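Visitor: with the sequence up front, the predicted model follows.
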Amino acid sequence: MRILFLSNLEFEGFAGPTYCVPALIGALSELEEVVWYNMRPVERVEWRGLPFYRNPNDFAFDIEDFTSRIWRPDLIVFEGFYAFHPNATLLGVLSSGIPYVIEPHCALTSGDQGKKTFKKRICNAVFYNRFAQGAAAIHYLTEKERDESGEKWNRNSFIEPNGIEVPKERPHRESWHGDVPEIVFVGRVEPYQKGLDVLLEALTPLNACADSPRFHLSIYGNSVNGFSNEMEKKLQAAGLSDVVAVRGPVYGDEKDAVLRAADIFLLTSRYEGMPMGLLEACAYGLPCVVTPGTNMSDVILAEGAGWVCDLSPESVREAIVVAASSAEAYAEMALASRRVAELFSWPSIAKSIRTDYLKVIGRA
């Protein structure tokens, strides 16, 4: 099977597709012939070093020329949805007769459709409804993502999660690193999707609670619309500057150091496709505080790898308090978190997705 992956990605260190797209293609390259063409001329060593990666600096993409002179795929996979504009390149791909799959990365959910609603309604009516309906299948990351997207886009779909590179070295997680557990959030510092508006409400009263357990929370990420500054001001006004720190984004070795020094991972999302940051935290053996919107609450609960709370200030606050009081159960929960990561290793995910792709080709 020959698979052509098309994307329009920037190299954004805080964005899940920056890592999960090349990781998926890399795992599938061990099983099938693949080519990845990114519409943007991104020249990062992390991507350029992949033998299957191409971009406009290599050649201008034209599907007719590509399939007649270079390589004709059996399947085309679009990594993203609104990232692809209805220009000649895209229209040529859709009229090529080659079956295609769309992995929308949450773009079709009611939560995401609720952002920039008017603009999206117009764009959907003009083009994107037909784009979705013409796909041989939609690849959703979770059942919740499919449920929140609905069947109006396309009745043909399959569900496969993102994967994770599980470090061979198992981090030592017998207990907290110190007397005070270090809780971390790593992701976009964005109020709505990530639920940080609710987290802020949950944290504000804690300083007044003399019997609250001691902990430190560090929030790492790229600030969206200046929300980091807003959080810092409110935390300072609440007297929480020594308890909660809002920091910039971390990547590579710096992120590795942050996760190795942390004790608990926190993610309070309203919705996610499949949160790569959370999977990475599990690979480091970090027990997690999560909401149902992360799409990982069921497996976290089933494996005993953390605490699940509703997205309300009271529930989030209670979960943080319980997590910061759970020193005795820490070692067992850390092992459970590592088991969660192993369930989502990229080689296992790639084999399952390959089967889905073969079904799609057979159906088409």
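Guide: Now that the structure is in, tell me what you want to look at.

Visitor: spit out the contact partners of residue 191.
Guide: Residues near residue 191 by Cβ atoms under 8 Å, 6 or more residues apart in numbering: 197, 200, 224, 227. In this view, the C-beta of every residue, glycine as well, is placed from N, C-alpha and C.

Visitor: ok, it to residue 219 distance?
Guide: 12 Å (Cβ to Cβ, to the nearest Å).

Visitor: domains for the chain, by residue range?
Guide: 2-163+345-363, 182-343 (automatic domain parsing).

Visitor: which of those domains is buried the deepest?
Guide: domain 182-343 (a mean of 19; mean count of other Cβ atoms under 10 Å).

Visitor: now do the same end-to-end measure for that domain.
Guide: This stretch, domain 182-343, spans 25 Å end to end (Cα to Cα, to the nearest Å).

Visitor: repeat that for stretch 300-308.
Guide: Stretch 300-308 end-to-end distance (Cα to Cα) = 8 Å.

Visitor: ok, residues contacting that stretch?
Guide: By Cβ under 8 Å, 6+ apart, the residues outside stretch 300-308 that reach it are 264-265, 282, 287-292, 297, 299, 319, 322-323, 332-333, 336-337, 339-340.

Visitor: what are the boundaries of the helices in the stretch 151-300 of the chain?
Guide: Secondary structure of the stretch 151-300 of the chain by DSSP state H, counting those that start in this stretch: the helices cover 196-203, 227-237, 252-261, 276-283, 297-303.

Visitor: quick one: mean pLDDT over the shortest one.
Guide: Confidence for helix 297-303, expressed as mean pLDDT, is 95.

Visitor: beyond it, next helix or strand please.
Guide: Using DSSP states H and E, the next helix or strand after helix 297-303 towards the C-terminus is strand 306-308.

Visitor: name every strand pairing with that next one and say which way it goes.
Guide: strand 288-290 (parallel) (DSSP bridges).

Visitor: residues in contact with the partner strand?
Guide: 183, 264-268, 278, 281-282, 296-297, 300, 305-309, 316, 319-320, 323, 337.

Visitor: please repeat the previous calculation with a cut-off of 6 Å.
Guide: Here strand 288-290 makes contact (Cβ atoms under 6 Å, 6 or more residues apart in numbering) with 265-267, 296-297, 300, 306-308, 319, 323.

Visitor: quickly check those residues for the two that are furthest apart.
Guide: 296 and 323 (15.5 Å; Cβ to Cβ).

Visitor: any idea how far residue 223 lies from residue 190?
Guide: 8 Å.

Visitor: quick one: which of the contacts of strand 288-290 is nearest residue 361?
Guide: So of the contacts of strand 288-290, ranked by how close each gets to residue 361 (Cβ to Cβ), first place is residue 296, at 30.4 Å.

Visitor: before we move on, the earlier item: between the contacts of residue 191, which is nearest residue 58?
Guide: For these, the residue nearest residue 58 by Cβ to Cβ is residue 224; the value is 32.5 Å.

Visitor: follow-up on the earlier one: dump the helices of the stretch 151-300 of the chain into JSON lines; add distance to residue 148 as well.
Guide: Converted to JSON lines, those look like this (distance: least, Cβ to Cβ, whole Å):
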{"stretch": "helix 196-203", "distance to residue 148": "18"}
{"stretch": "helix 227-237", "distance to residue 148": "24"}
{"stretch": "helix 252-261", "distance to residue 148": "29"}
{"stretch": "helix 276-283", "distance to residue 148": "18"}
{"stretch": "helix 297-303", "distance to residue 148": "15"}
